[in-house]
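> sharing a sequence plus its predicted fold:
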Amino acid sequence: MRKKFNPPIYGWVYLDTYLHLHGNEQLRVENCRRILEYNEVLVRLQTLDMIVEIWGTGLRVFDYNDSSVTVTGKISSLNLTEKR
């Protein structure tokens, strides 16, 4: 059975979601759980505590590894939705 941590402990064990935006052409999302949707205009990512939607044109996903994703392209908006 999987135990849930209290939100204040996320930062201590590096479970927080970190977004690194470089202009409007590159976004790195750390502590990403999985890619929910991926096409040229929308990338939806699931993290431990939220859903991250990246909208734009020519979006591509690079460097997907155990816990981070890099999205490139012309990013027009970000939408963060807290998971319940």
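Yes, it's here.

> how many residues are close by the spatially closest residue to L78 that is not a sequence neighbour?
Leaving aside its sequence neighbours, L78 sits nearest to I54 (CB to CB, 6 or more residues apart in numbering; 5.9 Å). Where you see a C-beta, it was placed from the backbone N, CA and C, and this is true even at glycine. Each residue near I54 was counted by other CB atoms under 10 Å, and the total is 24.

> dump whichever strand or helix holds I54 to PDB, restricted to CA.
In this structure, I54 is located in strand 50-62 according to DSSP states H and E. In PDB, the C-alpha atoms belonging to strand 50-62 read as follows (Å, rounded to 0.1, in the frame of the first residue of the first chain):
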ATOM      1  CA  MET A  50      -1.000  18.700 -10.300                       C
ATOM      2  CA  ILE A  51      -1.700  18.500 -14.000                       C
ATOM      3  CA  VAL A  52       0.400  20.800 -16.200                       C
ATOM      4  CA  GLU A  53      -1.000  21.800 -19.600                       C
ATOM      5  CA  ILE A  54       1.400  23.500 -22.000                       C
ATOM      6  CA  TRP A  55      -0.300  25.200 -25.000                       C
ATOM      7  CA  GLY A  56       1.500  26.500 -28.100                       C
ATOM      8  CA  THR A  57       2.700  25.600 -31.600                       C
ATOM      9  CA  GLY A  58       5.300  23.200 -32.800                       C
ATOM     10  CA  LEU A  59       5.600  21.600 -29.300                       C
ATOM     11  CA  ARG A  60       8.000  18.700 -28.900                       C
ATOM     12  CA  VAL A  61       9.000  16.600 -25.900                       C
ATOM     13  CA  PHE A  62      12.700  15.900 -25.200                       C
END
